[in-house]
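Trainee: Sequence below, structure please.
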Amino acid sequence: MSITNDSVSFLGESLQRIGTKFRSSLEVMMLCSECPTVFVDAETVRISYVLKYLSAELFLYNLQNDVLTLANQQRSGRFSKV
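Mentor: Modelled structure (predicted):
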């Protein structure tokens with residue numbers, strides 16, 4: 001919470017209003033006991049995006065590999081149509 005207060009006080013005049021609204025919203029959420037609080041740093045977010053990207057690339061690679069395998073099987077006659 002102190003980091004948020006420091007950040008809002010650091011903002012310039014053009015962003016001061018939105019920072020104040022963000023701080024008051026955060027204070028309300030912190031008062032609610034049923035609201036879970038999760039702290040995430042920038043490195044964790046970056047790693048998360050990298051893992052999602054790699055997962056999508058692996059999925060596409062496997063899909064392309066499956067398509068090529070089926071195409072080769074059809075060409076060689078080892079694949080029968082259902």
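
Trainee: Flag the shaky bits of the protein, pLDDT-wise.
Mentor: For the chain, applying pLDDT under 70 flags the ranges 1-2, 4-5, 8, 33-37, 39, 78-82.

Trainee: Would you point out which residue is most central in it?
Mentor: Against the mean C-alpha coordinate of the chain, by CA atoms, centre = their mean, the closest residue is Y49 at 5.2 Å.

Trainee: what about it, distance to K21?
Mentor: Y49 sits 27 Å away from K21, going by CB to CB, to the nearest Å. C-betas here are computed from N, CA, C, even on glycine.

Trainee: mind checking how far G77 is from L31?
Mentor: Computed with CB to CB, the distance linking G77 and L31 is 71 Å.

Trainee: What residue in the chain is the furthest from its centre?
Mentor: In the chain, G77 marks the outermost C-alpha relative to the chain mean, sitting 44.0 Å out by CA atoms, centre = their mean.

Trainee: Break this protein down into its structural domains.
Mentor: In terms of domains, the chain is parsed into 1-38, 40-82 (source: automatic domain parsing).

Trainee: any idea how far the first one is from the chain center?
Mentor: Centroid displacement of domain 1-38 relative to its chain, using CA atoms, centre = their mean, to the nearest Å, is 22 Å.

Trainee: for stretch 41-49, same thing?
Mentor: Per CA atoms, centre = their mean, the displacement of stretch 41-49 from the mean C-alpha position of its chain is 8 Å.

Trainee: Thanks again, I'm all set now.
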